[in-house]
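1. Here is my input; please provide its structure:
(chains A and B)
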Number of protein chains: 2
Amino acid sequence: MSIWINGQPATQLDASDRGLSYGDGLFRTLRLLDGAPLAWRWHWARLQHDCAALRLPCPEAELLLAELAAVSAEWPDAVAKLTLTRGVGPRGYAPPAAPQPTRIVQAGPRVAPPAERYSQGVAVYACALRLGLQPALAGVKHLNRLENVLARAEWQGDEYAEGLLCDSEGWVIEGVMSNLWIRRGRELLTPQLDRCGVSGAARAWVFDTAPKLGYQVREWRLRPADVLAADEAMLCNSLIGFWPIARYQQRRWSVFTASEALNRAWLGPETDTI
Amino acid sequence: MSIWINGQPATQLDASDRGLSYGDGLFRTLRLLDGAPLAWRWHWARLQHDCAALRLPCPEAELLLAELAAVSAEWPDAVAKLTLTRGVGPRGYAPPAAPQPTRIVQAGPRVAPPAERYSQGVAVYACALRLGLQPALAGVKHLNRLENVLARAEWQGDEYAEGLLCDSEGWVIEGVMSNLWIRRGRELLTPQLDRCGVSGAARAWVFDTAPKLGYQVREWRLRPADVLAADEAMLCNSLIGFWPIARYQQRRWSVFTASEALNRAWLGPETDTI
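-> As a prediction, this is how the structure comes out:
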């Protein structure tokens, strides 16, 4: 593991950082191949969006790319995490007028998920926790992630690779660490994330890429019953690509055509466009 | 400012701490008089409650009291902050099976609020942000405080000492950094915090103390109109005690009998019971 803080190798952070005090910041998790972040274009767009939502200044892309390459240099296939906080501030919720953001870039070797998660699909746990609705933070990959922590603590062991979360009104929103897509014929649907949830880079990539693969793509409000009725369902994030769902509640799937097509494209020339 | 981390003087924290990564932890803000935390009994009860809600091991009271006294030793009237996190963990939301919690105790001199906030009351801003509903975290003083940060950023300057927050259904919940009480005759009402909000130690103290002062006390669902119709309204936390509200929206108040009685008791022998 290699860590840089504000452009310097470091492992420690000021205990008065607002990232710790209030979760006042955001993050991204990226896969790097030979130092180049996969799907950077989509990560960058999400990062700018999230910085604007929290009114955090966004660093220059060139700076981030250089730091990501530096921390991941040891590993040809690396996992990196970029964290931006509003920096050190005096006690109290009021954001400093001139914040000095903290920038943490860390990386380690990527351990590839088991191959059968792609070939046979994954079992998905139906989480009991319901996501609260907060339009002011919806979609943002911010550091207030206790809901995810509590949801992930609902199951242990290897039977389930991921859990699926609904919101307080019962709409399906996302996986604990991934976004959800379902397929109906040639149509791909993903939950709207205007009231809760995290809008990931791989999800954004699908909107641009799936139409080129012959799929119609749109956001929709989905019920668990819509997932159960789907021809195919899958989970995505920047580290795993696309995992087809083999089992959710009483439903079984074994046709994974869209996830196979998306996984091929994810590691193909459509993605590698810095 | 003086800081101890896990029992040692320190100012820096591991950048992989889950408190930073996910806001996976909780905190308390206390006032210490000659090294003794005011209303400790109520802080301790809330701390145990919050640890249980997050399934964090709670340190021994004796340890915390000793560390709070040590970090605040320089100042006869001190503000201390106690932060507990789930500690350093590998990447991923799953809580470690055997967490090594991080304990941060920091203190500095208390700057007393302006005297007129007690004698003349405060003006309160009506925040536009609505608190999301999350029963699994309601009442807990956890580190996911972006809602408070966004709400506090809604106003600048000295006109308003505090902002009042409603939930997504329009019920009044709390101040950005305080709890709310309203008075109707000899009855004190405070919002129920079973779906959102932070249940503070000073609020808990009122339940035990106000009856001895001749007030009936209960939790209730309150609308902004209930606040406007109250005989008196006030905000409380462990640092400020009780601030009467002089102005909220179009309403003005100038009778502060309950807040005066509570402030007297707050610094009296009822409170000082470690």
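
2. where's the residue most central in space within chain A relative to A:Gln100, distance?
-> Nearest residue to the geometric centre of chain A (C-alpha atoms, centre = their mean): A:Gly200, 4.1 Å. Between A:Gly200 and A:Gln100 the computed distance is 28 Å (C-beta to C-beta, to the nearest Å). The way it works is simple: take the backbone N, C-alpha and C, and place the C-beta from them, glycine included.

3. I figured the residue nearest to the centre of chain A hits A:Ile240, correct?
-> No: A:Gly200 is beyond contact range of A:Ile240, at 10.7 Å (criterion: C-beta atoms under 8 Å).

4. Identify the contacts common to those two.
-> With contacts defined as C-beta atoms under 8 Å, 6 or more residues apart in numbering or on different chains, the residues adjacent to both A:Gly200 and A:Ile240 are A:Ser178.

5. confidence score at A:Asp272?
-> With respect to pLDDT, A:Asp272 has a value of 63.

6. Pull out the buried positions in stretch A:51-63.
-> By 16 or more other C-beta atoms under 10 Å in any protein chain shown, the buried positions in stretch A:51-63 come out as A:51, A:53-54, A:56, A:58-59.

7. Could you do stretch A:80-92 as well?
-> The neighbour-count check on stretch A:80-92 (16+ other C-beta under 10 Å) flags A:80-89 as buried.

8. now that stretch, how far from the chain's geometric center?
-> When C-alpha coordinates are averaged (C-alpha atoms, centre = their mean, to the nearest Å), stretch A:80-92 and its chain have centres 19 Å apart.

9. for that stretch, what is the average pLDDT?
-> Mean predicted confidence for stretch A:80-92 is 94.

10. Next: stretch A:32-49.
-> 96.

11. Those residues of the stretch 151-274 of chain A touching chain B, which are they?
-> A:151-153, A:168, A:176-177, A:196 (C-beta under 8 Å from any C-beta of the partner chain).

12. Adding secondary structure as columns, could you present the buried residues of stretch A:51-63 in CSV?
-> Shown next, in CSV, are those (DSSP: H, G, I helix; E, B strand; the rest coil):
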residue, secondary structure
A:Cys51, helix
A:Ala53, helix
A:Leu54, coil
A:Leu56, coil
A:Cys58, coil
A:Pro59, coil
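
13. Tell me the one among the residues you listed nearest to chain B.
-> Nearest to chain B out of the buried residues of stretch A:51-63 is A:Leu54 (C-beta to the nearest C-beta; 7.5 Å).

14. Now narrow the buried residues of stretch A:80-92 to whatever sits close to chain B.
-> A:81, A:83, A:85-86.

15. where are the low-confidence patches of chain A?
-> A:270, A:272-274 (pLDDT under 70).

16. Could I get the full set of helices for it?
-> For chain A, the helices defined by DSSP state H occupy A:18-22, A:40-53, A:61-71, A:116-119, A:146-152, A:201-209, A:224-228, A:257-266.

17. A:Glu174 contacts A:Leu180, correct?
-> Yes: using C-beta under 8 Å, A:Glu174 is in contact with A:Leu180, at 5.6 Å.

18. Which residues are in contact with each of these two?
-> Counting by C-beta under 8 Å, 6+ apart, the residues touching both A:Glu174 and A:Leu180 are A:164, A:191.

19. before we move on, back to that, any chance of TSV for the buried residues of stretch A:51-63, columns distance to A:Leu188?
-> As requested, the buried residues of stretch A:51-63 are arranged in TSV below (distance: C-beta to C-beta, whole Å):
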residue	distance to A:Leu188
A:Cys51	28
A:Ala53	25
A:Leu54	29
A:Leu56	32
A:Cys58	30
A:Pro59	33
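
20. Among those residues, find me the one that's closest to B:Arg117.
-> Comparing the buried residues of stretch A:51-63 against B:Arg117 with C-beta to C-beta places A:Leu54 closest, at 30.0 Å.

21. residues in contact with the closest one?
-> A:Leu54 neighbours (C-beta under 8 Å, 6+ apart): A:24-26, A:86, A:140, A:142, B:146.

22. same check, this time on A:Ser238
-> Shown in contact with A:Ser238 (C-beta under 8 Å, 6+ apart): A:28-31, A:38-39, A:43, A:200-202.

23. Which ones among the residues you listed map onto strands?
-> If you go by DSSP state E, the contacts of A:Ser238 have A:28-31 in strands.

24. show me which of the residues you listed neighbour chain B.
-> Of the ones in strands among the contacts of A:Ser238, the ones that also sit near chain B (C-beta under 8 Å from any C-beta) are A:Thr29.

25. Of the ones in strands among the contacts of A:Ser238, which is the nearest to chain B?
-> The closest of the ones in strands among the contacts of A:Ser238, once distances to chain B are taken by C-beta to the nearest C-beta, is A:Thr29, at 7.7 Å.

26. Who does the closest residue to the closest one other than its chain neighbours form a beta bridge with?
-> Leaving out its chain neighbours, the residue that sits closest to A:Thr29 by C-beta to C-beta, 6 or more residues apart in numbering or on different chains is A:Lys81, at 5.3 Å. For A:Lys81, the beta-bridge partners are A:Thr29, A:Gln106 (DSSP bridges).
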